[in-house]
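>>> Sequence first, then the predicted structure, then my questions.
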Amino acid sequence: METPLVFSQLNMCESKEKTFFKLIHGSSKEEGSKEDKIRAKEKRNRLSLLVQKFEFHEETHSSRSGHLAKETRVSPKEAVIWGESFDKLLSHKDGLEAFTRFLKTEFSEENIEFWIACEDFKKSKDPKQILLKAKAIYEKFIQNDAPQEVNLDFHTKEVITKSITQPTLHSFDAAQSRVYQLMEQDSYTRFLKSDIYLDLIEGRPPRPTNLRRRSRSFTYNEFQDVKSDVAIWL
């Protein structure tokens, strides 16, 4: 008699390899003829797909559970404070994460990523690090047709372009201030009215949102000998 395919009756304490081994090895009658061998092979293939699907479901459920726990850890009291000022929102790690999620729904996350990059840049001390980070920020956010070009006036961009070969820790101050004002006066106002924020202040679980794949976070890992503190802002 073949072993029934009922996953709920499996001993979950056994290793998955052992369970799978027991499932694919029925009685020796399956190996008796050529046709039986073919049927046994097809059965093993089906079982392999079922096990993979079962494992994928387990991993997905675990991932979603972890994600939900992360999203609901903010207390309504903390979230209410973010509504007092834009600065209070950005100074709180969870507030920054929530605002970033909101910007992704508007396809404008390059603004907050640029602001984060500038905060990290101003902590640089080594001259080589300053030069490499300045170049990375310029190529990613400032130059024409940059992959995540931020909205800056011509004069501000021109000043940065002329100074990029010999940057200082203040090279992006004007641009960062401009982007900060744009977010504060525009995006922040809409964020306070968004479902993302309202759910937080009322203690409701987050609603599913249709987001595009997250753009690559701004880091400097691709540059040798460049250390970034940007992780503390994410």
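Great, that's in hand.

>>> neighbours around the closest residue to residue 94 other than its chain neighbours, how many?
Of all residues not flanking residue 94 in the chain, residue 74 sits nearest, at 4.8 Å (C-beta to C-beta, 6 or more residues apart in numbering). C-betas here are computed from N, CA, C, even on glycine. By other C-beta atoms under 10 Å, the residues close to residue 74 number 21.

>>> residues touching residue 74, list them.
The contact partners of residue 74, by C-beta atoms under 8 Å, 6 or more residues apart in numbering, come to 94, 98, 200.

>>> the helices in the chain, which residues?
Using DSSP state H, the helices of the chain run over 16-24, 34-71, 76-82, 86-90, 93-105, 109-121, 127-137, 154-163, 173-182, 188-191, 195-201.

>>> Name the residues of the last one that are buried.
Along helix 195-201, these residues count as buried under the neighbour rule (16 or more other C-beta atoms under 10 Å): 196, 197, 199, 200, 201.

>>> again, but for the fourth one
When burial is assessed from 16+ other C-beta under 10 Å, helix 86-90 yields the following buried residues: 86, 89, 90.

>>> of those, closest to residue 184?
Among the buried residues of helix 86-90, residue 86 lies closest to residue 184 (C-beta to C-beta), at 4.3 Å.

>>> The closest one and residue 188 touch, don't they?
Yes: at 4.7 Å, residue 86 counts as touching residue 188 under the criterion of C-beta atoms under 8 Å.

>>> before we move on, the earlier item: any chance of the buried residues of helix 195-201 in CSV, plus distance to residue 79?
Putting the buried residues of helix 195-201 into CSV (distance: C-beta to C-beta, whole Å) gives the following:
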residue, distance to residue 79
196, 10
197, 7
199, 9
200, 4
201, 4
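
>>> The spatially closest residue to residue 81 that is not a sequence neighbour: what's it in contact with?
Leaving aside its sequence neighbours, residue 81 sits nearest to residue 88 (C-beta to C-beta, 6+ apart; 5.6 Å). Contact partners of residue 88, counting by C-beta under 8 Å, 6+ apart, are 81, 82, 95.

>>> Buried only: go through those for me.
For the contacts of residue 88, a neighbour count by 16+ other C-beta under 10 Å gives the buried set as 82, 95.

>>> Regarding stretch 76-91, how distant is the last residue from the first?
With C-alpha to C-alpha, to the nearest Å as the measure, the first residue of stretch 76-91 is 17 Å from its last.

>>> Report the mean confidence score over it.
Stretch 76-91 shows a mean pLDDT of 96.

>>> before we move on, what about stretch 148-156?
pLDDT averaged over stretch 148-156 gives 96.

>>> List the buried residues in it.
Residues 148, 150, 152, 156 are the ones in stretch 148-156 that count as buried (16+ other C-beta under 10 Å).

>>> Turn those residues into TSV, including distance to residue 142.
Below are the buried residues of stretch 148-156 laid out as TSV (distance: C-beta to C-beta, whole Å):
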residue	distance to residue 142
148	10
150	7
152	7
156	9
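
>>> I am finished for the moment; much appreciated.
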